[in-house]
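In: coords please:
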Amino acid sequence: MTNNRLALITGASAGLGAEFARQYAEKGWDVALTARRADRLDKLAREIEEKYKVATLVITQDLALVKSVDSILHELKEAGRHVDALVNNAGYGLPGTFFNTSWKDQAQFIRVLYTAPIELVHKLLPGMAERNFGRIINVASLAGYAPGTGGHTLYASVKAGLIKFSESIHAEAKDAELDIHCTALCPGFTFTEFHDVNGTRDMANESPKWMWMEAGPVVEAGIDGVTRGHPVVVPGAVNKGVATLTRILPEPLGRELMKRQSKRFRKMEND
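Out: Predicted structure coming up:
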């Protein structure tokens, strides 16, 4: 048992999740890592313990399962730990349209990217309030600002929901005068495995390199933002510009632009 604060990070086996774990560990936090791939979590845990000399806790869990959140919290309780920072990072893209995907796949998508993160926040908030300290980062997306498009149907909807949810939790904590900060992190294109997993790597590789960010600066912006108490963080000058455009463009023009661009980055068939 250590006296360090503990950060719980979902989807920690790769990409932004692994980077969140490294950056929190570098700051002297212990980290609880959860994802489906135990081998990757174990490897990351060993790396972090050796490099940063902090404690790690590996929790193998699939957030698509209804009882997954309770299972994660049970393992934390068994280990005698409470969560000081929560990073809801787990996520993926679901290729195809609403017509050619199954409800089972869509329901699991909603569970992993929306229901489970909100459940974690709801069940961890009472402890954070009792200790008067909490930091919550919900990894949303620049897509949450943009008009909906064909393909990957619920992605923008879910990310927009996470943005609004984060703003509401931030406001409620502030109204209650609690030292609890909640931030929606809204990255654009980021160099991770995300596009490999959802089968859009070839499409993504055709986009201009200036549109992309490395994982490190994205995560750094998220941690800095939640520390400072910013309810929404859009990392990078290009992404900030895009977010601004989505708010000032006439809606019909915005939808037409997104329609033209979406085919470059979204698979319409689930194969």
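In: What's the biggest helix in this structure, counting residues?
Out: helix 155-175 (DSSP state H).
In: got the contact list for residue 71?
Out: For residue 71, the contacting residues are 59, 61, 65, by C-beta atoms under 8 Å, 6 or more residues apart in numbering. Backbone N, C-alpha and C define where each C-beta goes, glycine included.
In: Within the helices and strands, which one has it?
Out: Here residue 71, judged by DSSP states H and E, is contained in helix 68-78.
In: quick revisit: list the buried residues for the longest helix of the chain?
Out: Residues of helix 155-175 classed as buried by neighbour count (16 or more other C-beta atoms under 10 Å): 155-156, 158-163, 165-166, 169-170, 173.
In: just to revisit the earlier point, just the contacts of residue 71: which are in strands?
Out: In this view, these that belong to strands under DSSP state E are residue 59.
In: Weed out the non-buried ones from the contacts of residue 71.
Out: 59, 61.
In: and the longest helix of the chain, what's its mean pLDDT?
Out: Mean per-residue pLDDT for helix 155-175: 97.
In: and it, C-alpha only, in CSV?
Out: Output of helix 155-175 as CSV, limited to C-alpha atoms (Å, rounded to 0.1, in the frame of the first residue of the first chain):
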residue,chain,number,x,y,z
TYR,A,155,-19.9,7.7,-32.8
ALA,A,156,-20.6,11.4,-33.0
SER,A,157,-23.8,11.0,-30.9
VAL,A,158,-22.0,9.3,-28.1
LYS,A,159,-19.1,11.7,-28.1
ALA,A,160,-21.4,14.7,-28.1
GLY,A,161,-23.2,13.2,-25.2
LEU,A,162,-19.9,12.8,-23.3
ILE,A,163,-19.1,16.4,-23.8
LYS,A,164,-22.5,17.6,-22.4
PHE,A,165,-22.2,15.1,-19.6
SER,A,166,-18.8,16.3,-18.6
GLU,A,167,-20.0,19.9,-18.6
SER,A,168,-22.9,19.0,-16.3
ILE,A,169,-20.7,17.1,-13.8
HIS,A,170,-18.2,20.0,-13.8
ALA,A,171,-21.0,22.5,-13.1
GLU,A,172,-22.6,20.3,-10.4
ALA,A,173,-19.2,19.9,-8.6
LYS,A,174,-18.6,23.6,-8.8
ASP,A,175,-22.0,24.5,-7.5
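In: Can you tell me what sits against it?
Out: 88, 93-94, 109-110, 113-114, 117-118, 121, 125, 134, 136, 138-141, 143-149, 180-184, 186, 229, 231-232.
In: Produce a ChimeraX select command limited to the buried residues of those residues.
Out: Applying 16+ other C-beta under 10 Å to those leaves a buried subset, and the ChimeraX line that selects it is:
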select :88,93,94,109,110,113,114,117,118,121,125,134,136,138,139,140,141,143,144,145,146,147,148,149,180,181,182,183,184,186,231,232
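In: Quick check: the closest residue to residue 144 other than its chain neighbours vs residue 215, distance?
Out: Spatial nearest neighbour of residue 144, chain neighbours left out: residue 159 (3.4 Å); criterion: C-beta to C-beta, 6 or more residues apart in numbering. Distance, residue 159 to residue 215, by C-beta to C-beta, to the nearest Å: 18 Å.
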